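Asker: predicted structure and sequence below. I'll ask about it afterward.
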Amino acid sequence: MRYAAALAAVSMLATVNAAEAACYEGIGCSDSQKFPEAELRKLSCQALYEVRNIVYKDNGYCFQTENAIAAFGNQGCSITSQSKVRLNSFERYNVGLIRKVARRKGC
């Protein structure tokens, strides 16, 4: 499964359950903890991309680009507009912070 391959590429991955959010060693669980910015800065651009998009995958987003579909797949997706994906407050914070860190890194 391509989703599992993408998850494996994130070296800090601790646990993932399709019914729950991904949890990462050193940064926490995407749906219940705010990620520490200092820890996100340690991640590569690729890892930031994967962690951010796993949040969207876990919330039913249907990816649009060939690269994202290849990495995460669209199995079980139901939402075609990223702006319509319902993220809880932790997920919104984490996605925003990941984008900020990625921008500062020039990703």
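Answerer: Right, received. Where do you want to start?
Asker: where exactly do the strands run in the protein?
Answerer: Assigned by DSSP state E, the chain shows strands spanning 13-15, 23-24, 28-29.
Asker: got the contact list for stretch 36-46?
Answerer: 9-10, 12, 26-28, 48, 51, 97-98, 100-102, 104-107 (Cβ atoms under 8 Å, 6 or more residues apart in numbering). Using the backbone N, CA and C atoms, a C-beta is placed for each residue, glycine as well.
Asker: drop anything exposed from those residues.
Answerer: 10, 27, 28, 48, 51, 97, 98, 101, 102 (16 or more other Cβ atoms under 10 Å).
Asker: from those, which shows the smallest pLDDT?
Answerer: In terms of pLDDT, residue 10 ranks lowest among those, with 52.
Asker: residue ranges with poor pLDDT in the protein?
Answerer: Scanning the chain with the threshold set as pLDDT under 70 gives 1-20.
Asker: how about the helices in it?
Answerer: 2-9, 37-40, 45-58, 66-72, 89-105 (DSSP state H).
Asker: using CSV, write down the CA coordinates of the shortest one.
Answerer: As requested, C-alpha coordinates have been extracted for helix 37-40 and formatted as CSV (Å, rounded to 0.1, in the frame of the first residue of the first chain):
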residue,chain,number,x,y,z
GLU,A,37,8.1,24.0,16.2
ALA,A,38,11.7,23.2,17.2
GLU,A,39,11.1,19.5,16.4
LEU,A,40,9.4,20.2,13.1
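Asker: kindly reformat the helices of the chain as JSON lines containing distance to residue 81.
Answerer: JSON lines is the format used below for the helices of the chain (distance: least, Cβ to Cβ, whole Å):
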{"stretch": "helix 2-9", "distance to residue 81": "21"}
{"stretch": "helix 37-40", "distance to residue 81": "26"}
{"stretch": "helix 45-58", "distance to residue 81": "11"}
{"stretch": "helix 66-72", "distance to residue 81": "14"}
{"stretch": "helix 89-105", "distance to residue 81": "15"}
